[in-house]
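*Asks:* Sequence and predicted structure, then a few things I'm wondering about:
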Amino acid sequence: MSEYKILVVEDEEDVQELIRYNLENNGYRVESALDGKTALSKANSTKPDLVLLDLMLPKIDGLQVCRSLKENALTSAIPVVMLTAKGTERDIVAGLEMGADDYITKPFSPRVLLARLKAVLRRRSQPPATEKSVIRVHDLEIDPKRHRVFVDGKEAELTTTEFKLLQFLAARPGWVFTRYQIVDAVHGADYPVTDRSVDVQVVGLRKKLGRAGEYIETVRGVGYRFREDE
């Protein structure tokens with residue numbers, strides 16, 4: 001992973017040094033910033049491969065930094081992983097809806113941190129599945145062209161909405177999506193349905209998929225993701 005450069009944005013110097021130590025020991029190159037203003041400047045000048053972004057920052061807070069990165073054509077493609085304190089689900093949801101790729105809550109295990117960053121970088125380096133690609137995960141097969149889903153070779157009878165929801169998540173394994181993002185992806189923007197309807201659809205979908213329903217993971221207080229095939 002030595003070719004990857006990570007910009008660590010964290011105003012607590014001891015936490016920043018802990019992160020730097022673990023990243024550099026695992027072959028990453030590290031840039032750092034103690035506040036939001038410096039983070040934006042360094043992101044533009046150094047073009048990191050990933051930004052690890054604390055949300056509680058001086059000068060410019062982390063959510064605004066994330067928004068600015070995603071609105072800037074020069075930095076919009078850089079993946080952002082948020083560092084958050086526990087119990088800040090609203091900030092997590094806001095960050096994901098601004099385009100952040102993942103989040104890690106404090107306090108965190110260095111092993112978990114490294115695994116999550118590696119997963120984000122791996123996803124970014126792989127071409128995304130096209131909307132017509134057949135998706136296979138262990139005993140689950142999703143065929144967009146035929147609009148059919150099979151579990152252990154047996155077809156699961158899904159509604160159009162359930163199929164779209166499953167395809168959307170399965171084509172992006174490991175990505176966390178808020179309920180509103182799922183509604184927009186499945187029905188289109190401004191569709192008159194509540195975000196909580198997604199919970200009902202997921203319950204029904206899991207039931208129809210049987211044991212393969214476990215691949216759809218609930219991210220408490222945030223939304224859902226499709227489990228990565230390890």
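*Replies:* Received the coordinates, thanks.
*Asks:* Okay, domains of the chain per the record?
*Replies:* 5-125, 135-226 (automatic domain parsing).
*Asks:* Could you dump those domains into CSV with mean pLDDT and mean neighbour count added?
*Replies:* (C-beta placed from N, C-alpha, C; glycine too.) Below are the domains of the chain laid out as CSV (pLDDT from 0 to 100; neighbours: other Cβ atoms under 10 Å):
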stretch, mean pLDDT, mean neighbour count
domain 5-125, 91, 18
domain 135-226, 87, 16
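*Asks:* In the protein, what residue spans correspond to strands?
*Replies:* Applying DSSP state E to the chain gives strands spanning 5-9, 29-33, 50-54, 80-85, 102-106, 135-137, 140-143, 148-151, 154-156, 177-178, 216-219, 223-226.
*Asks:* For K207, find the nearest of these.
*Replies:* For K207, the closest of these is strand 154-156, at 9.9 Å, according to Cβ to Cβ.
*Asks:* Quick one: list the elements packing against that closest one.
*Replies:* If you count contacts as 3 or more Cβ pairs under 8 Å, 6 or more residues apart in numbering; DSSP states H and E, strand 154-156 packs onto strand 148-151.
*Asks:* Report the separation between the most far-flung residue of the chain relative to its centre and G210.
*Replies:* The C-alpha centroid of the chain is most remote from K154, which lies 30.6 Å away (Cα atoms, centre = their mean). According to Cβ to Cβ, to the nearest Å, K154 stands 9 Å off from G210.
*Asks:* now swap in R20 and tell me
*Replies:* Going from R20 to G210 by Cβ to Cβ gives 45 Å.
*Asks:* Which stretches in this protein count as helices?
*Replies:* 13-25, 36-46, 62-71, 89-98, 110-125, 160-170, 179-187, 197-209 (DSSP state H).
*Asks:* can you put the ones you listed in CSV and add distance to L52?
*Replies:* Below are these laid out as CSV (distance: least, Cβ to Cβ, whole Å):
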stretch, distance to L52
helix 13-25, 7
helix 36-46, 10
helix 62-71, 10
helix 89-98, 13
helix 110-125, 7
helix 160-170, 25
helix 179-187, 22
helix 197-209, 29
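*Asks:* of all the ones you listed, which lies closest to F226?
*Replies:* Of all the helices of the chain, helix 160-170 comes closest under Cβ to Cβ, at 4.0 Å.
*Asks:* Contacts made by that closest one with the rest, please.
*Replies:* Here helix 160-170 makes contact (Cβ atoms under 8 Å, 6 or more residues apart in numbering) with 131, 135, 137, 140, 142, 144, 147, 149, 158, 175, 177, 182, 185-187, 198, 201-202, 204-205, 208-209, 215-216, 224-226.
*Asks:* send the alpha carbons of that helix over as CSV?
*Replies:* Taking Å, rounded to 0.1, in the frame of the first residue of the first chain, the C-alpha atoms of helix 160-170 are listed here in CSV:
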residue,chain,number,x,y,z
THR,A,160,-39.5,-4.4,-8.6
THR,A,161,-38.6,-2.2,-5.6
GLU,A,162,-37.0,-5.0,-3.7
PHE,A,163,-34.9,-6.0,-6.7
LYS,A,164,-33.7,-2.4,-7.3
LEU,A,165,-32.8,-2.1,-3.6
LEU,A,166,-30.8,-5.3,-3.6
GLN,A,167,-29.1,-4.5,-6.8
PHE,A,168,-28.1,-1.0,-5.7
LEU,A,169,-26.5,-2.3,-2.4
ALA,A,170,-24.9,-5.4,-3.9
